[in-house]
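K.L.:
need a structure here:
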Amino acid sequence: MNKLTWSSPKLTNKVAINAALLIALQIVLSKISLGPENVFKISLGFIGTALVGYYLGPWLGGLAMIIADLISNTVLASTANFFIGFTFGAFLAGVIAGAFLHKQEITWQRQVAYAFCQILIINTCLTTTWIHLLWHTPFKALLMMRLPKEIISWPIEAFVGFIVIHEIARRRIAIKE
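P.N.:
Model (predicted):
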């Protein structure tokens, strides 16, 4: 694994249109889920996050994830679940995805490292902290309840993410800048 990418493509009309399509895809995939949202949600949103990072880089990816979070939790929300901490987590998820995946050779090791960082930083640390703050759930008990799901999801997200991103890279499906 060489390095992380810290640049995003120049924001042109084509990149903005493709970003809008990726935001829509992220929203749809994140809405396909099982389990209660406040504790044990299993979703396909990780695929959308990886695609946003792969195509838009860390900074535009982070911005796209903020927009996706705002739309998901305001316009398309079925409950009042908006919290700025989750929006910050979405931004960091886009930055992490972009740093690991944008303009990089997609290898199995890179995808495993990306999935690990994403799950550790966003899902395990930040999301657990936000749930603890919002619903006053004891942090340690909440962490112990969420940790098995995160451990199980790590290889699954790494494998599925690798298949999706590797195939896109192999077929050279690109957005025009």
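K.L.:
going forward, measure contacts between C-alpha atoms and count neighbours the same way
P.N.:
OK.
K.L.:
Now for residue 104: which residues touch it?
P.N.:
4, 5 (Cα atoms under 8 Å, 6 or more residues apart in numbering).
K.L.:
what's the distance between it and residue 2?
P.N.:
Per Cα to Cα, to the nearest Å, residue 104 is found 9 Å from residue 2.
K.L.:
Just say helix, strand or coil for the spatially most central residue of the chain.
P.N.:
Geometric centre of the chain, nearest residue: residue 49, 3.5 Å, by Cα atoms, centre = their mean. Secondary structure assignment for residue 49 (DSSP: H, G, I helix; E, B strand; the rest coil): helix.
K.L.:
List the buried residues in the helix ranked longest in the chain.
P.N.:
Taking DSSP state H as the criterion, the chain has its longest helix at helix 139-170. Neighbour counts using 16 or more other Cα atoms under 10 Å place 142-143, 146-147, 150, 153-154, 157-158, 161-162, 165-166, 169 of helix 139-170 among the buried residues.
K.L.:
next one: stretch 55-71
P.N.:
Quick answer for stretch 55-71 (16+ other Cα under 10 Å): 55-70.
K.L.:
how close does the nearest residue to residue 139 once chain neighbours are set aside sit to residue 48?
P.N.:
Leaving aside its chain neighbours, residue 139 sits nearest to residue 132 (5.6 Å; criterion: Cα to Cα, 6 or more residues apart in numbering). Separation of residue 132 from residue 48 (Cα to Cα) stands at 26 Å.
K.L.:
These two: which is more packed in?
P.N.:
Between residue 132 and residue 48, counting by other Cα atoms under 10 Å, residue 48 is the more crowded of the two (22 against 19).
K.L.:
do you know how far that one is from residue 152?
P.N.:
From residue 48 to residue 152 the distance is 19 Å (Cα to Cα).
K.L.:
In the protein, where is pLDDT below threshold?
P.N.:
With pLDDT under 70 as the threshold, the chain has low-confidence stretches at 1, 37-40, 80, 176-177.
K.L.:
how about the helices in it?
P.N.:
Going by DSSP H, the chain shows helices at 13-31, 45-70, 84-101, 108-117, 128-135, 139-170.
K.L.:
For the first one, C-alpha coordinates in CSV please.
P.N.:
Once side chains and other backbone atoms are set aside, the C-alpha atoms of helix 13-31 remain, and they are given as CSV (Å, rounded to 0.1, in the frame of the first residue of the first chain):
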residue,chain,number,x,y,z
ASN,A,13,-20.1,20.8,-14.2
LYS,A,14,-19.5,17.1,-15.1
VAL,A,15,-18.0,16.3,-11.7
ALA,A,16,-20.9,18.0,-10.0
ILE,A,17,-23.5,16.1,-12.0
ASN,A,18,-21.7,12.8,-11.3
ALA,A,19,-21.5,13.7,-7.7
ALA,A,20,-25.2,14.2,-7.6
LEU,A,21,-25.7,10.8,-9.1
LEU,A,22,-23.3,9.3,-6.5
ILE,A,23,-25.2,11.1,-3.7
ALA,A,24,-28.5,9.6,-5.0
LEU,A,25,-26.9,6.2,-5.1
GLN,A,26,-25.5,6.6,-1.6
ILE,A,27,-29.0,7.6,-0.3
VAL,A,28,-30.7,4.7,-2.0
LEU,A,29,-28.2,2.1,-0.8
SER,A,30,-28.2,3.5,2.8
LYS,A,31,-32.0,3.2,2.9
